[in-house]
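>>> Sequence below, structure please.
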Amino acid sequence: MLMVTAYPPNRDGIAAYAVQSVRALRAQGHQVEVLSPGPSAAHHHLDLVGPRGALALARRVRGYDRVIVQFHPDVFYPPGASSWQRACEGLALATAFRRARAVEVVVHEIDGRHGRRGTLSGLVTRAMWRSVEVVRVHTERDRETFARNFGVPRSRIVVTDHGADFVPRTGYDRAGARDSLGVPAAAFVYLSIGFIQPHKGFDRAVRAFAESGLPDARLDVVGSVRVEEPDFVAYRDELAALVAVTDGAYLHDGFVSDELFDRWIVACDVVVLPYRSIWSSGVLERARLFGRPVIATAVGGLPEQASALAAGQRTDQPAGRDGSPAGPAVVLVSTDAELRRAMRAAAGVDPSAIPRPWPESGVGLWARIQDEIVARAAGHRSRRPARGGPGSVTSGSGGSGAAGSGATGSASAALRRVRSLEMPDTTSARPLARLAKRVVRRLTAW
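Now for the predicted structure:
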């Protein structure tokens, strides 16, 4: 078999999924080689972006009994691909798929709008998917949506358990995991983990935590930016600023290995997945391995995943390392208010009680409110908020001093808004300009 996929040590969720699939196939007795789109631990490396990469793949697939493609659009389509580029890429991929003796594609994410009828790219994309012998998705909802968007017969679309090949990667118990991570043994720990991107909605978890008024609790947001896209980096910076002014919230910004990922799940009490959009969640499946409760938004395929867990359809995995049950309880929410109530209920706090965000009225109330406003403003600018006592800044006089000292040495807001320098897009209405941009890009890369 040949598996075409991102592969470790690349920092990619599909790479982590693929390495477990390869291990499972080899355990069944198959001989599996891996081709990745960049340098990795795979056997073969090939730049797959664009028609040239897909045609190069077509020359390599004939020597295998079966080709398995872990599909994500970023692997094959250039960023911001035009309709014409998508049509060319679809035609090249269809050629590669048809040359293979047997091909199956595991679809992790795709935009159904690219299969629209009446457009050249839609026509070619539909033909490309019809050339695939088996299309694998993770939920019945994805199956119906894929069949409708791309005209593929439902008989060719197979629903595969997202966590079918998942195995635990850590041997820590809860106490050991917390000790290794510096998490207090007595704290009630919420965990939001994964790549930091706007659609993951980690900011929703931080706001809900801040508004819940939970004593002796903490929220750990763990992960890194998958690709250095300006929007992703800006979201990470906004999330860091929000965490900095939220007592009990912590951001652990950095790539997390498979073992460390599982260790964080073992250490927590509840996994919080406040996604704005998602196809299906690998984090939910890993929480299953260790029996950790999950609070998740009811988007994408998450309701179906949660129903499968509740129905006891996935009992193949052992109980958690600390003796917790194999199937975690999953609470689905739709709004931020429901998320806040669910987080309070998980900690054993009355979800209907409204926490008091400010101290009771009395002497010094106004000064304490002003102190908090000044401290939060300073922390937002410097990302190192002042945590002094209530009397550290007097109302009406020292506000500017506290803010100024907090922002010392930090970049101004105007400077932080400057966009990152990017290579110019090679597309242009003028042929000479397009040629010049391509020459500049090649020379710069060289």
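
>>> The protein: strands as residue ranges?
2-4, 33-36, 44-45, 67-71, 103-107, 134-137, 157-159, 188-193, 217-223, 249-253, 270-273, 294-297, 330-333 (DSSP state E).

>>> Tell me where the model's unsure across the stretch 101-250 of the chain.
Applying pLDDT under 70 to the stretch 101-250 of the chain flags the ranges 163-164.

>>> hey, which of the strands of the chain is tucked in deepest?
strand 270-273 (a mean of 26; mean count of other C-beta atoms under 10 Å). Every residue, glycine included, has its C-beta placed from N, CA and C.

>>> Contacts for that strand, please.
Outside strand 270-273, the residues within contact range by C-beta atoms under 8 Å, 6 or more residues apart in numbering are 189-193, 205, 219, 265, 281, 283-284, 287, 292-297, 302, 328, 339, 343, 346-347.

>>> residue nearest the centroid of this protein?
By C-alpha atoms, centre = their mean, the mean C-alpha position of the chain lies nearest to Phe195, the distance being 4.0 Å.

>>> how far away is the nearest residue to Ala16 once chain neighbours are set aside from Val32?
What sits nearest to Ala16 in space, not counting adjacent residues and going by C-beta to C-beta, 6 or more residues apart in numbering, is Asp258, at 6.0 Å. Distance of Asp258 to Val32, given as C-beta to C-beta, to the nearest Å: 19 Å.

>>> Report the contact partners of Glu33.
Met1, Leu2, Met3, His43, His44, Tyr64.

>>> Was I right to think the residue nearest to the centre of the chain contacts Ser224?
Yes - with contact defined as C-beta atoms under 8 Å, Phe195 counts as touching Ser224 (6.6 Å).

>>> contacting residues for Val34?
Residues near Val34 by C-beta under 8 Å, 6+ apart: Leu2, Met3, Val4, Thr5, Tyr7, Ala18, Val22, Ala41, Ala42, His43, His44.

>>> hmm, back to that, isn't the residue nearest to Ala16 right next to Tyr17, touching?
No - with contact defined as C-beta under 8 Å, Asp258 does not reach Tyr17; the gap is 10.7 Å.

>>> Which of the two has more residues huddled nearby?
The neighbour comparison of Asp258 against Tyr17 (other C-beta atoms under 10 Å) goes to Tyr17, with 21 against 17.

>>> how close does the more buried one sit to Val283?
Computed with C-beta to C-beta, the distance linking Tyr17 and Val283 is 12 Å.

>>> now swap in Val67 and tell me
28 Å.

>>> swap in Ala81?
Relative to Val283, and taking C-beta to C-beta, Ala81 is found at 29 Å.

>>> The two: who's more crowded?
Legend: neighbour count by other C-beta under 10 Å for Ala81 and Val283, higher for Val283 (24 against 19).

>>> can you pull the contacts of the more buried one?
Ile193, Gly194, Val271, Leu273.

>>> ok, and the closest non-adjacent residue to the first one?
With C-beta to C-beta, 6+ apart as the measure, Val222 is the residue that lies nearest to Ile193, at 4.4 Å, once sequence neighbours are left out.

>>> correct me, but that neighbour touches Ser192?
Yes - using C-beta under 8 Å as the test, Val222 is close enough to Ser192 to be in contact (7.3 Å).

>>> Bridged to the residue nearest to Ile193, which residues?
Ile193, His252 (DSSP bridges).

>>> what sits against it?
Val222 makes contact with Leu191, Ser192, Ile193, Gly194, His252, Val256, Phe261, Trp264 under the criterion C-beta under 8 Å, 6+ apart.

>>> ok, now with 6 Å
If you count contacts by C-beta atoms under 6 Å, 6 or more residues apart in numbering, Val222 has them with Ile193, His252, Val256, Trp264.

>>> ok, Val4 - contacts?
Here Val4 is in contact with Leu35, Val69 (criterion: C-beta under 6 Å, 6+ apart).

>>> The closest residue to Val167 other than its chain neighbours: neighbour count?
Excluding the flanking residues, the one nearest Val167 by C-beta to C-beta, 6+ apart is Gln20, at 6.8 Å. Per other C-beta under 10 Å, the neighbour tally for Gln20 reads 17.

>>> I'd say Gln20 and Arg169 touch.
No - using C-beta atoms under 6 Å, Gln20 makes no contact with Arg169, being 9.4 Å away.

>>> these two touch, right, the residue nearest to Ala16 and Val167?
No - taking contacts as C-beta under 6 Å, Asp258 lies outside contact range of Val167: 9.9 Å.

>>> What's the end-to-end length of stretch 125-137?
Stretch 125-137 has an end-to-end distance of 17 Å (C-alpha to C-alpha, to the nearest Å).

>>> From the chain's centroid, how far away is that stretch?
25 Å (C-alpha atoms, centre = their mean, to the nearest Å).

>>> for the stretch 301-446 of the chain, which spans come out with low pLDDT?
In the stretch 301-446 of the chain, residues with pLDDT under 70: 309-328, 353-365, 379-416, 423-424.

>>> where along it do the helices fall?
Counting by DSSP state H, counting those that start in this stretch, the stretch 301-446 of the chain has these helices, from start to end: 302-310, 336-346, 365-382, 399-406, 413-416, 431-445.
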